[in-house]
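>>> Sequence plus predicted model, see below.
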Amino acid sequence: MRIGLVMENSQGDKNPLVYECLKEVAEKYGHEVVNYGMYSSKDECQITYVKAGLLSSVLLNSKAVDFIVTGCGTGEGAMLALNSFPATLCGHVVDPEDAYLFMQINDGNAIAIPYAKGMGWGAELRLKNIFEQLFVAPGGGGYPKDRVVPEQRNKKILDQVKTVTHTDIKYIVKNLDQDFVKETFSGEHFKEYFSRDAQEGELKDLVLSLC
């Protein structure tokens, strides 16, 4: 699995800490991490939580990544923004229990962490524990085990609902304010990583034409 890290601008300076914690745990389970920034709060490309939503959905829909780790000060804005885009199911994860239950019950493809809360001493321990519970078992396994069948059924229903209630990502990219879209894709390494990893097709061509 390829995991994309997307940091929101108010928490950009925490990127090195989050990246190292995520990379350590993810690689233990055979996953790859691609760091899309922000790399610091002073980056020229300022990723707001709304831009994080667009960026994450484009990465997921193009199959440049399979999973997104993002967040903001409270995690709420990033979670809401990601869930407003198609094929993106983002959970708000505060602690390791949230991480495990979200993956086992909801089987999503993104999480949003509140990076401004509880990030003092032991922040790296908290992050590693969250990531450990996120990847310790394949998603959708159910919890508790006697709830597996209805939970899996509800996940399939939710996926079907989102295909109806959300517009195609290419339409969104074309119809949002184009300055906003271009700013979203202007990160230092975005074009390099996206060109390398995204699935060939109309979405990839469209996004690269805007970089």
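Received, thanks. Residues are numbered from 1 along each chain as shown.

>>> Centroid-nearest residue for this structure?
Residue closest to the mean C-alpha point of the chain, counted by C-alpha atoms, centre = their mean, is Ile68 at 2.3 Å.

>>> send the alpha carbons of stretch 197-210 over as CSV?
Output of stretch 197-210 as CSV, limited to C-alpha atoms (Å, rounded to 0.1, in the frame of the first residue of the first chain):
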residue,chain,number,x,y,z
ASP,A,197,2.7,7.2,-9.2
ALA,A,198,-0.7,8.3,-10.7
GLN,A,199,-2.6,5.8,-12.9
GLU,A,200,-2.5,6.8,-16.6
GLY,A,201,-5.7,8.3,-17.8
GLU,A,202,-7.8,11.5,-18.1
LEU,A,203,-7.5,12.6,-14.5
LYS,A,204,-3.7,12.3,-14.5
ASP,A,205,-3.5,14.3,-17.8
LEU,A,206,-5.9,16.9,-16.5
VAL,A,207,-4.0,17.5,-13.2
LEU,A,208,-0.6,17.6,-14.9
SER,A,209,-1.9,20.2,-17.4
LEU,A,210,-2.6,22.5,-14.3
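
>>> Contacts for that stretch, please.
Outside of stretch 197-210, the residues within contact range by C-beta atoms under 8 Å, 6 or more residues apart in numbering are 2, 34, 58-59, 61-65, 169-170, 173-174, 178, 181-182, 185, 191, 194-195. All C-beta spots, glycine's among them, are computed from the backbone N, C-alpha and C.

>>> Show me which residues of it are buried.
197-198, 203-204, 206-207 (16 or more other C-beta atoms under 10 Å).

>>> JSON lines for the residues you listed, including distance to Gly53?
Formatted as JSON lines, the buried residues of stretch 197-210 follow (distance: C-beta to C-beta, whole Å):
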{"residue": "Asp197", "distance to Gly53": "19"}
{"residue": "Ala198", "distance to Gly53": "18"}
{"residue": "Leu203", "distance to Gly53": "16"}
{"residue": "Lys204", "distance to Gly53": "19"}
{"residue": "Leu206", "distance to Gly53": "17"}
{"residue": "Val207", "distance to Gly53": "15"}
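
>>> For Asn154, see how far away Asn106 is.
9 Å (C-beta to C-beta, to the nearest Å).

>>> sorry, that was for Phe185
34 Å.

>>> and the two? which has more neighbours close in?
The residue with more neighbours, out of Phe185 and Asn154, is Phe185; 19 against 13, by other C-beta atoms under 10 Å.

>>> Please verify my assumption that that one contacts Lys191.
Yes - here Phe185 lies in contact with Lys191, judged by C-beta atoms under 8 Å, at a distance of 7.4 Å.

>>> Name the residues contacting each of the two.
With C-beta under 8 Å, 6+ apart, Phe185 and Lys191 have common neighbours Cys211.

>>> hmm, back to that, quick check: of the buried residues of stretch 197-210, which lies closest to Phe135?
Using C-beta to C-beta, Asp197 comes nearest to Phe135 of the buried residues of stretch 197-210, at 19.3 Å.

>>> Alright, that wraps it up for me.
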